[in-house]
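Engineer: Structural data only, the sequence is not supplied:
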Ligand SMILES: [Zn+2]
């Protein structure tokens with residue numbers, strides 16, 4: 001990652017190979033029957049991305065700091081290796097669920113392509129991108145439901161008001 005210090009990157013590299021860290025990562029992921037997304041139920045960023053603590057490392061000034069990474073990027077590194085992660089500037093979600101950790105739902109992208117996709121897919125009725133709670137609100141509602149053992153479908157539907165649910169966009 002661009003802003004990560006050398007020590008931070010080395011820490012991430014070790015974390016990706018560490019069975020215990022990988023188990024800690026997997027333990028924060030919950031799924032629901034019939035739904036292929038695998039949702040992050042740990043710490044979430046305002047935009048709904050999972051945040052995963054990988055340890056402590058000293059920054060350039062020598063200060064010991066917590067190192068957190070975006071959790072689906074950690075999952076990508078576990079599946080495809082840290083070198084692959086370093087080559088991917090943006091990991092886009094084909095499911096449009098920012099907290100999803102299913103690596104099958106991730107695709108390498110660029111900032112420009114990701115924005116273009118977002119603009120195109122946002123016009124799809126009932127797309128997660130149209131959720132009136134916003135991506136962070138949606139991810140938090142999903143996490144709360146899964147942690148409480150609630151059925152997920154009504155929670156996924158809740159962010160779509162009647163209008164957008166029934167609307168077919170022609171333009
Ligand atoms: Zn997904």
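Structural biologist: Perfect, I can see it now. Keep in mind the model is a prediction, meaning the values are calculated, not measured.
Engineer: Contact residues of the chain facing the ion?
Structural biologist: If contact is defined as Cβ under 5 Å from the ion, the residues of the chain in contact with the ion are 37, 95, 97, 100, 102, 105. Where you see a C-beta, it was placed from the backbone N, CA and C, and this is true even at glycine.
Engineer: which residues sit in contact with the last one?
Structural biologist: For residue 105, the residues meeting the contact criterion (Cβ atoms under 8 Å, 6 or more residues apart in numbering) are 36, 37, 93, 94, 95, 97.
Engineer: ok, 10 Å please
Structural biologist: With contact set as Cβ atoms under 10 Å, 6 or more residues apart in numbering, residue 105 has these partners: 36, 37, 38, 72, 91, 92, 93, 94, 95, 96, 97.
Engineer: What are the buried residues along the longest helix anywhere in the chain?
Structural biologist: When the chain is scanned for its longest helix (criterion: DSSP state H), the result is helix 134-148. Residues of helix 134-148 classed as buried: 135, 136, 138, 139, 140, 141, 142, 143, 145, 146 (neighbour count, 16 or more other Cβ atoms under 10 Å).
Engineer: which residues does the fourth one contact?
Structural biologist: Residues in contact with residue 139 (Cβ under 10 Å, 6+ apart) are 39-41, 44-50, 97-100, 128, 131, 133.
Engineer: rerun at 8 Å
Structural biologist: Residue 139 sits next to 39, 40, 44, 48, 49, 97, 98, 99 when contact means Cβ under 8 Å, 6+ apart.
Engineer: Mark which of the residues you listed are part of strands, please.
Structural biologist: Helix and strand membership here follows DSSP state E; of the contacts of residue 139, those in strands are 39, 40.
Engineer: Quickly check the residues of the chain next to the ion for the two that are furthest apart.
Structural biologist: Taking every pair in those and measuring Cβ to Cβ, the maximum separation is 8.9 Å, between 97 and 102.
Engineer: who's more crowded, the two?
Structural biologist: Per other Cβ atoms under 10 Å, whichever of residue 97 and residue 102 has more neighbours is residue 97, with 25 against 19.
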